[in-house]
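>>> for reference, the sequence and a predicted model appear below.
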There are 2 protein chains.
Amino acid sequence: MRQSKQQFREYLVRKGLKTTKQREIILDAFLRASTHPSTEELFLKIRRKHPTVGYATVYRTLKLFADCGIAEERNFGDGQTRYEWTGDERHHDHLICTRCGAILEFEDADIEKLQQQVAFRHGFTIASHRLELYGTCRRCTGKS
Amino acid sequence: MRQSKQQFREYLVRKGLKTTKQREIILDAFLRASTHPSTEELFLKIRRKHPTVGYATVYRTLKLFADCGIAEERNFGDGQTRYEWTGDERHHDHLICTRCGAILEFEDADIEKLQQQVAFRHGFTIASHRLELYGTCRRCTGKS
DNA sequence: TTTTAAATTGAAATTCGTTTTCACTCAAAC
DNA sequence: GTTTGAGTGAAAACGAATTTCAATTTAAAA
Ligand SMILES: [Mn+2]
Ligand SMILES: [Mn+2]
Ligand SMILES: [Zn+2]
Ligand SMILES: [Zn+2]
């Protein structure tokens, strides 16, 4: 939170970019959004309080967040690019319910370790990875 | 190969669809394509020998392949939907070189097992999953 | 403070892969 | 053969992502 704001500020300075009202509004909204918002979702949320902020600005600013490291792009297969705050959190992967869209997070050190081993065996150097488990969540399985 | 052709033929009959020259051409080309072709790549390859086959037909036919189970849609983050022959192969995941685009395949029973455990812990029923490791392959790492 | 150069903005236009439409063609059942 | 519904290719439509551009704003320089 506080940390991410600082990080973004430093990034702007380092790159010779400018602090603007819009960027502050968008960063606040992004940090307040708990989920994995898409550009459009965040834009719509912001628009309520700040009707003058444009979609393009939200789009560009989210790119900046990703570039400076406080956010990561995600793609869960629903056709929208989503952004996730990386904050001071640890890495995690996702369980996605294809019924209700719920997204659960998990981390599993053993899986991560095995991934490294697989990569090593193939002479690969891993820069990133994506692991997503699709299925039905407890609640949706119950309903059936 | 032979098996997949049969499977597709049966699928067409079952669904009341028709056998056409185009579908045979496209299936042959798809089975001959060793990689993970995108719709466009396959279309371009086919066009050399069969300039009259349209993009829309390739697109629709690949959807049919996926529907009947002889192919699966893939999405490696390059913005193109790719198709992979599922033939009589087993499930596998992918290592993707972000430098040269090379795609290596691997399977790891231990990882799969751990995935199931994670899902179970969260009350999830897994229908499918995607695991992709992005990085640089041996050759590209060498070049630097 | 005023000036200035460069970055930023919002709206609209553009891009690009995907998907649909439509008039015409063809497969296959009768 | 005739009939009929599925299939085809070209072009249009679509939707999200990205770029363009004239006007505005930031912040460094004067
Ligand atoms: Mn997450
Ligand atoms: Mn593969
Ligand atoms: Zn659910
Ligand atoms: Zn490589």
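Everything's here; your move. Ligands and ions are numbered 1, 2, ... in the order given.
>>> give the buried residues for stretch A:74-93.
A:74, A:76, A:81-86, A:93 (16 or more other Cβ atoms under 10 Å in any protein chain shown). Every residue, glycine included, has its C-beta placed from N, CA and C.
>>> is DNA strand D contacted by that stretch?
Yes - contact of stretch A:74-93 with DNA strand D is found when judged by Cβ under 7 Å from any atom of the strand, involving A:79-81.
>>> from those, which is closest to ligand 2?
residue A:79 (22.4 Å; Cβ to the ion).
>>> with residue A:36 as the reference, measure out to residue A:101.
Using Cβ to Cβ, to the nearest Å, residue A:101 is found at 10 Å from residue A:36.
>>> settle it for me: which of these two has more neighbours?
Per other Cβ atoms under 10 Å in any protein chain shown, whichever of residue A:101 and residue A:36 has more neighbours is residue A:36, with 18 against 11.
>>> the more buried one contacts residue A:102, correct?
No - using Cβ atoms under 8 Å, residue A:36 is not in contact with residue A:102, being 10.9 Å away.
>>> what about the residue most central in space within chain A, which SS state?
Nearest to the centroid of the C-alpha atoms of chain A, with distances taken as Cα atoms, centre = their mean, sits residue A:84, at 1.4 Å. Put simply, residue A:84 is strand when judged by DSSP: H, G, I helix; E, B strand; the rest coil.
>>> what about the helix or strand of chain A at the bottom of the mean pLDDT ranking and chain B, any contact?
Lowest by mean pLDDT, DSSP states H and E among the helices and strands of chain A is helix A:138-143, with a mean of 87. Yes - interface with chain B: helix A:138-143 contributes A:138, A:141 (Cβ under 8 Å from any Cβ of the partner chain).
>>> quick one: buried residues of that helix?
residue A:140.
>>> list the contacts for residue A:66?
Residue A:66 is in contact with A:72-73, A:83, counting by Cβ atoms under 8 Å, 6 or more residues apart in numbering or on different chains.
>>> please repeat the previous calculation with a cut-off of 6 Å.
residue A:73 (Cβ atoms under 6 Å, 6 or more residues apart in numbering or on different chains).
>>> list the contacts for residue A:108?
Shown in contact with residue A:108 (Cβ under 6 Å, 6+ apart): residue B:118.
>>> against DNA strand D, how distant is it?
28 Å (Cβ to the nearest atom of the strand, to the nearest Å).
>>> pLDDT wise, what is that residue at?
pLDDT recorded at residue A:108 is 95.
>>> and the top strand by length along chain A, is it in reach of chain B?
Using DSSP state E, we find that the single longest strand of chain A is strand A:125-136. Yes - interface with chain B: strand A:125-136 contributes A:125-136 (Cβ under 6 Å from any Cβ of the partner chain).
>>> could you dump these into a markdown table with neighbour count, distance to residue B:18 and pLDDT added?
Shown next, in a markdown table, are these (neighbours: other Cβ atoms under 10 Å in any protein chain shown; distance: Cβ to Cβ, whole Å; pLDDT from 0 to 100):
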| residue | neighbour count | distance to residue B:18 | pLDDT |
| --- | --- | --- | --- |
| A:125 | 14 | 49 | 95 |
| A:126 | 16 | 46 | 95 |
| A:127 | 12 | 47 | 92 |
| A:128 | 12 | 45 | 90 |
| A:129 | 20 | 43 | 94 |
| A:130 | 16 | 39 | 93 |
| A:131 | 22 | 41 | 96 |
| A:132 | 18 | 37 | 95 |
| A:133 | 24 | 38 | 95 |
| A:134 | 17 | 33 | 92 |
| A:135 | 19 | 35 | 93 |
| A:136 | 21 | 36 | 93 |
